[in-house]
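Enquirer: sequence first, predicted model second:
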Amino acid sequence: QTNVTVYGVVDVTVESVKASGGVDVFELDRRTRVTSNSSLIGFRGTEDLGNGLKALFQVESSFSADAGGGTLAGRDTFVGLEGGFGKVQLGKLTTIMRAAGAKVDFNPAATGIGFQAATYGTIGGVALTGIDERINNAVMYTTPNFSGLTAQLAYSAGENRVSPDLNGAEGVNSQSYQLAAAYENGPLYVSAGYAVAQDPLVATSVLGAASNSNISDELKDARIAVKYTFPSNTSVSALYDRAKYEASSALGDTDVKRNAWMVGAEQKFGGNQAVYLQYARSQELDGDACDFDACDNTEFSQWTLGYTYALSKRTMVKAYYTRLNNDSDSAADFYLSKVGMASRNAGADPSGFGLGLRHTF
Amino acid sequence: QTNVTVYGVVDVTVESVKASGGVDVFELDRRTRVTSNSSLIGFRGTEDLGNGLKALFQVESSFSADAGGGTLAGRDTFVGLEGGFGKVQLGKLTTIMRAAGAKVDFNPAATGIGFQAATYGTIGGVALTGIDERINNAVMYTTPNFSGLTAQLAYSAGENRVSPDLNGAEGVNSQSYQLAAAYENGPLYVSAGYAVAQDPLVATSVLGAASNSNISDELKDARIAVKYTFPSNTSVSALYDRAKYEASSALGDTDVKRNAWMVGAEQKFGGNQAVYLQYARSQELDGDACDFDACDNTEFSQWTLGYTYALSKRTMVKAYYTRLNNDSDSAADFYLSKVGMASRNAGADPSGFGLGLRHTF
Amino acid sequence: QTNVTVYGVVDVTVESVKASGGVDVFELDRRTRVTSNSSLIGFRGTEDLGNGLKALFQVESSFSADAGGGTLAGRDTFVGLEGGFGKVQLGKLTTIMRAAGAKVDFNPAATGIGFQAATYGTIGGVALTGIDERINNAVMYTTPNFSGLTAQLAYSAGENRVSPDLNGAEGVNSQSYQLAAAYENGPLYVSAGYAVAQDPLVATSVLGAASNSNISDELKDARIAVKYTFPSNTSVSALYDRAKYEASSALGDTDVKRNAWMVGAEQKFGGNQAVYLQYARSQELDGDACDFDACDNTEFSQWTLGYTYALSKRTMVKAYYTRLNNDSDSAADFYLSKVGMASRNAGADPSGFGLGLRHTF
């Protein structure tokens, strides 16, 4: 039998969150929450097949440690082969581009309301670009590690092919591709990637750029990320993400573009403590869609201040404060554990602080 | 790595149940069922952090061994710290008050149709008081054990805060608290607790006491439980529970009160066998609501006779009979594995017997 | 503590599927999919109770390794006792009859689009007979193994008993029974079984044979299966299945009958490779229902050609092609991982090929 490793994380925090500002009667009052932050349980193993070849498997499930419930295999789950040629995996996977968003984030495991993908993982805080999500129905090839450098090609099958309809409209066949490379060696981490999603059928319209099941739309995203750790145990990080959603309506092209960036710094001290501060910004929307619907005041930013105290290598106390500042026509919410922003809350600012425990087993 | 313990229970019985009496055409005919009784699988562990401090975690899932399906982390799931100060846990938890309901019940693990919380865990057999359920989004502090005595304060965040509406009605912010103490030493177990749930938004109206998402309601519950085991391997137990649901309607106050009690006894014999008999009663409803809707004939009782034969410490054959007697205006059903009582079945009496296997791993 | 064994399978393939033919505008265009084929994770164990008696348990869950999600205890899950008397199991179970369908199929673990129960596990490709599904709410007795021979009686409780309605129509009480025997010794496997399902409430009507919650229907199925392995590492298999669905409507009896058969062969070579070819056919529907709705052209067949290359005992590369040929009035789809055939696609032929990895842990 394989040596199956059982592993997991239980991360729960007590939080106080609200979203003030915006239209008064819709304000989201302060409330106390007990929040499970990406708690997980997994089973994984490898098998030596000889000749430098290995079989790999992983089944990782998410669960809500606060109120129960979860998704079997809801996280990275795959079967794969690894050898001199690199690594091939089939399943539900985290790509280099997704990992980059988490890599530059100093929240433990890039989780909780302080995680800032609300800016660099969405368009206008509303539609996900998908870059900070695992890709489903994936085939992923990763090169061998050359002195810290790896490259990766990932494909995700949409499986929802819709035939052209009787009126001759185009068919839909969602598929996406990501090409990326990462370099990680000693104190330096750098990555760059490019993604194209065909017919992503973005569920939430961004401005007038509504998707249509019979019309081809496309989402393109480019991301670079960097992180460096100084001998003083100071780490700094930065990320830049550029997304473009190409769609059209009866009125003409309704493309939307968005640039976002993030910077952060963390200082470790006392052997088991750390403080970090990070700031991210999603700039004003741009593109043809702005001809139909004003793009002014659609920018927003988020900053997070955090502190961690390690009781051991596997158990940590953590505290944080985060605030997301929406411009008057933006209704962005936290990326994880939302407070419940809706378009009527435009201009309101979600904020929250929390304290909790994270245990890794 | 932590030492992760995998544990669980598979408990399945073959039952014959029915609910006879009441309006004839709505009678629930006798049927055979194969029932999974609180089957579970869990993962737990502790980590010694030094200085008498320990980290604790548990992820416990429920599943239906009869027809498949289940809820990841659907049972007690938490992360916590334990030390000289006591124990703090964050997650989905069983409190002393909930445990008390199970402690006095002689059904193995207080599960199956014979479990009598139908009386002491509901108001009028219809609305749950919540005391016999795990609390979600919980923060719970338990004192150190002083010669068998522990006290506990539990908080559950509702997280559903609704803003006051435009007409100035009150907002809703569900939260609940439980304060309890238990003493367990040798043959004696005693516990007492008090719970308050603000804005519980009781889903099912009890008489005229309908909840309203804009009106504050409140549920208060007090419970005492005791169990004693004589040297003859005879155990006796008793529980008293008093619940009050405070609500109001356009007509005025619609408070409802309910008292319930339970007594039981078990005799062990032959080294591996036991018989038990228990009886519980939910008394007639009382309160302002009775001014609007008659509370006469709303009482009901349940009794259970059971037998267990242990094939080993971990494997048991069990057999039981239970009957719930509803007064003419009561439609209470079993607490677990209901037969399907509805208001039109008022006065019908659910009953059932079963035989099955319980294995603990 | 029991020795709990953690085990599982991750099986993922990249496929290209389509269903061409039939009405042109409804054709299901070729699409690429990444498909999880019956991936599973389980926990099982036994306990020696002395005197030749053993307690058994298993909790087996299904999951989608491609897009996440799964069902806790969604596969064989039970508690049981085994001894000189044979074996009794309670839970969700695979019977000898279901196992027979998988036994004769040469697809690894009888899974993926190449699995041919579309013919022998359905009536007209539309309604499942249930024989190739696990039975829920089951009690199953299996005799001891007499030189390779075992017999089995299985009962499944429907638990959905509906009382006779006010107009005096019959009540419904779904229950099913299977009686079967299997002989497996050296190169030979033979099995035969008979199943009766009372009030199966077949969801999808077969021709005019619509079920009705107030009318008794019944499903009967007989199956024989055989497999033989020659010293040359050539295996051949065959299965015959006869199903009859008895129902009635206002117009009179609407019984439907179907015969189906399957033959297959596999050749192992090179120590770790195998090729297999198999063919199955569901013959034209017959019965009283054909008086109301023509049964002509309701037959269909499926053939599968596959190749497996074992990298080790637990890791396998597999490739396959399968094609299902529907007659003009048949709209059968693959049994597992359907392409999406609907009645409007009648006459179209689902086909697909794939390549992937299967790892057992």
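Expert: That came through, no problem.
Enquirer: pLDDT (mean, whole number) over the helix or strand hosting residue A:322?
Expert: Using DSSP states H and E, residue A:322 sits in strand A:315-326. Averaged across strand A:315-326, the pLDDT comes to 98.
Enquirer: mind exporting it as CSV, just the C-alpha atoms?
Expert: The C-alpha coordinates for strand A:315-326 follow below in CSV (Å, rounded to 0.1, in the frame of the first residue of the first chain):
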residue,chain,number,x,y,z
THR,A,315,0.1,26.4,15.8
MET,A,316,-0.3,30.1,15.5
VAL,A,317,-2.3,32.9,17.1
LYS,A,318,-3.1,35.6,14.5
ALA,A,319,-4.6,39.1,14.6
TYR,A,320,-5.5,41.4,11.7
TYR,A,321,-7.2,44.5,10.6
THR,A,322,-8.3,45.2,7.0
ARG,A,323,-10.2,47.9,5.2
LEU,A,324,-11.4,48.0,1.7
ASN,A,325,-12.0,51.6,0.4
ASN,A,326,-14.5,51.8,-2.5
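Enquirer: residue A:146 pairs with what?
Expert: Per DSSP bridges, the residues bridged to residue A:146 are residue A:149.
Enquirer: actually residue A:41, not the one I typed
Expert: According to DSSP bridges, beta-bridge pairing links residue A:41 with residue A:8, residue A:61.
Enquirer: just the CA atoms of the very next helix or strand once past the strand holding residue A:322, as PDB, please.
Expert: Counting by DSSP H and E, the next helix or strand C-terminal to strand A:315-326 is strand A:349-360. C-alpha atoms of strand A:349-360 as PDB (Å, rounded to 0.1, in the frame of the first residue of the first chain):
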ATOM      1  CA  ASP A 349     -16.200  50.500   2.800                       C
ATOM      2  CA  PRO A 350     -16.000  46.900   4.200                       C
ATOM      3  CA  SER A 351     -13.600  46.700   7.200                       C
ATOM      4  CA  GLY A 352     -13.000  44.200   9.900                       C
ATOM      5  CA  PHE A 353     -10.600  43.000  12.600                       C
ATOM      6  CA  GLY A 354     -10.100  39.600  14.000                       C
ATOM      7  CA  LEU A 355      -8.200  37.300  16.300                       C
ATOM      8  CA  GLY A 356      -7.900  33.600  16.100                       C
ATOM      9  CA  LEU A 357      -6.100  30.300  15.900                       C
ATOM     10  CA  ARG A 358      -4.500  28.400  13.100                       C
ATOM     11  CA  HIS A 359      -3.400  24.800  13.500                       C
ATOM     12  CA  THR A 360      -1.800  22.700  10.900                       C
END
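Enquirer: now for strand A:349-360, which elements pack on it?
Expert: strand A:5-20, strand A:28-36, strand A:315-326, strand B:53-63, strand B:77-83 (3 or more CB pairs under 8 Å, 6 or more residues apart in numbering or on different chains; DSSP states H and E). Where C-beta positions appear, they are placed from N, C-alpha and C, glycine not excepted.
Enquirer: now render these as JSON lines, adding mean neighbour count.
Expert: Output for the helices and strands packed on strand A:349-360, formatted as JSON lines (neighbours: other CB atoms under 10 Å in any protein chain shown):
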{"stretch": "strand A:5-20", "mean neighbour count": "21"}
{"stretch": "strand A:28-36", "mean neighbour count": "22"}
{"stretch": "strand A:315-326", "mean neighbour count": "21"}
{"stretch": "strand B:53-63", "mean neighbour count": "23"}
{"stretch": "strand B:77-83", "mean neighbour count": "23"}
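Enquirer: turn the ones you listed into a markdown table, columns for distance to residue B:189.
Expert: Output for those, formatted as a markdown table (distance: least, CB to CB, whole Å):
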| stretch | distance to residue B:189 |
| --- | --- |
| strand A:5-20 | 30 |
| strand A:28-36 | 29 |
| strand A:315-326 | 32 |
| strand B:53-63 | 23 |
| strand B:77-83 | 22 |
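Enquirer: end to end on stretch A:158-172, go ahead and measure it.
Expert: 10 Å (CA to CA, to the nearest Å).
Enquirer: list the buried residues for stretch A:347-361?
Expert: A:347-354, A:356-361 (16 or more other CB atoms under 10 Å in any protein chain shown).
Enquirer: got the contact list for the closest residue in space to residue A:38 that isn't next to it in sequence?
Expert: Distances taken as CB to CB, 6 or more residues apart in numbering or on different chains place residue A:111 nearest to residue A:38, at 4.1 Å, with adjacent residues excluded. Neighbouring residues of residue A:111 by CB atoms under 8 Å, 6 or more residues apart in numbering or on different chains: A:11, A:37, A:38, A:336.
Enquirer: do the same with residue A:189
Expert: A:103, A:182, A:183, A:225, A:226, A:227, A:228.
Enquirer: which SS state does it fall under?
Expert: Assigned by DSSP: H, G, I helix; E, B strand; the rest coil, the conformation of residue A:189 is strand.
Enquirer: which one of the helices and strands packed on strand A:349-360 lies nearest to residue C:21?
Expert: Of all the helices and strands packed on strand A:349-360, strand B:53-63 sits nearest to residue C:21, with 42.8 Å by CB to CB.
Enquirer: any idea of the mean pLDDT for that closest one?
Expert: Strand B:53-63 comes out at a mean pLDDT of 98.
Enquirer: between the contacts of residue A:189, which is closest to residue B:15?
Expert: residue A:103 (54.4 Å).
Enquirer: what about residue A:43, neighbour count?
Expert: Other residues lying near residue A:43 total 22 when counted by other CB atoms under 10 Å in any protein chain shown.
Enquirer: scratch that, residue A:290
Expert: Residues contacting residue A:290 under the criterion other CB under 10 Å number 19.
Enquirer: quick check: it vs residue B:110, distance?
Expert: Distance of residue A:290 to residue B:110, given as CB to CB, to the nearest Å: 63 Å.
Enquirer: the closest residue to residue A:252 other than its chain neighbours: neighbour count?
Expert: Distances taken as CB to CB, 6+ apart put residue A:288 closest to residue A:252, at 7.0 Å, once the chain neighbours are dropped. Using other CB under 10 Å, residue A:288 is surrounded by 19 other residues.
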